[in-house]
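**Q** model the following, please.
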Amino acid sequence: MSSTPRLTYFAGWGLAEQLRWVLSAGPQTSSFTQVALSSFSSFASLRASGSLLLNQLPLLEIDGLSLTQSQSMIRYVARKNKMDGGSPAMAARADMIAEGVKDARLPIVKWAFSTDKDAHFRDNVVPAVERYYPLFESFVGGGEGGEGWTSGDDMTY
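**A** Modelled structure (predicted):
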């Protein structure tokens, strides 16, 4: 495995987006390679190789490891780049906010697969945005988060 992190995911957006942001922002990981799978046979070959612990993508190959599960990868990269809050308390705060982001984006992700897009947007996406986004905005710019950051005095994931 090379020293440059390698991210493998399907061609397009999805569960790898937050990881791409954290990789790009991290001083030790900002240069990374992306592999976009465009066929099921490529995915099946990767599954057969044994590189996917739970037979799912995305896959991040970094530091000799083959990591799967997007939130686990994000936390690994955040720790590696010292973007996890700087203390156990701030790391826990970053984890809580990251899990909130995951909850908030679920209705948005599901929208693409809904049969009645207008109803799903109205009944699921809008309430999630109204619930979570004001909270996210309140985390930035002071208080426990530090000036302009959500957890501690430096960038967190």
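**Q** could you report the distance from Val126 to Gly12?
**A** 24 Å (Cβ to Cβ, to the nearest Å). All C-beta atoms are positioned from the backbone trio N, CA, C, and that covers glycine.
**Q** so which of those two has more stuff around it?
**A** Taking other Cβ atoms under 10 Å, Val126 and Gly12 do not tie; Val126 has more neighbours (12 against 9).
**Q** Three-state assignment for that one, please.
**A** In three-state terms, and counting by DSSP: H, G, I helix; E, B strand; the rest coil, Val126 is helix.
**Q** swap in Trp21?
**A** Going by three-state DSSP: Trp21 is helix.
**Q** run a quick neighbour tally on it.
**A** Trp21 has 13 neighbouring residues, counting by other Cβ under 10 Å.
**Q** tell me the pLDDT of it.
**A** For Trp21, the pLDDT comes out at 91.
**Q** report the central residue of the protein.
**A** Centroid-nearest residue in the chain: Gln18, 3.1 Å away (criterion: Cα atoms, centre = their mean).
**Q** touching stretch 79-86 from outside, list them.
**A** For stretch 79-86, contacts defined as Cβ atoms under 8 Å, 6 or more residues apart in numbering pick out 22, 25-29, 62-63, 75, 77-78, 90-94, 151-157.
**Q** 10 Å instead?
**A** 5, 22-23, 25-30, 62-63, 74-78, 90-95, 97, 145-146, 149-157 (Cβ atoms under 10 Å, 6 or more residues apart in numbering).
**Q** again, but for stretch 10-21
**A** Contacts of stretch 10-21 (Cβ under 10 Å, 6+ apart): 5, 7-9, 23, 29, 32, 34-40, 42-43, 56-60, 67, 69-74, 76-77, 98, 101-102, 105, 109, 112, 157.
**Q** mind listing which of these are in helices?
**A** 23, 40, 42-43, 70-74, 76-77, 98, 101-102, 105, 109 (DSSP state H).
**Q** ranking by neighbours, what's the top pick from these?
**A** Ranking the ones in helices among the contacts of stretch 10-21 using other Cβ under 10 Å puts Ile74 first, with 27 neighbours.
**Q** was I right to think it contacts Ala98?
**A** Yes - the pair Ile74 and Ala98 passes the contact test of Cβ atoms under 10 Å, sitting 6.7 Å apart.
**Q** which residues are in contact with both of those two?
**A** In contact with both Ile74 and Ala98: Gln18, Val22, Tyr157, using Cβ under 10 Å, 6+ apart.
**Q** that'll do, ta.
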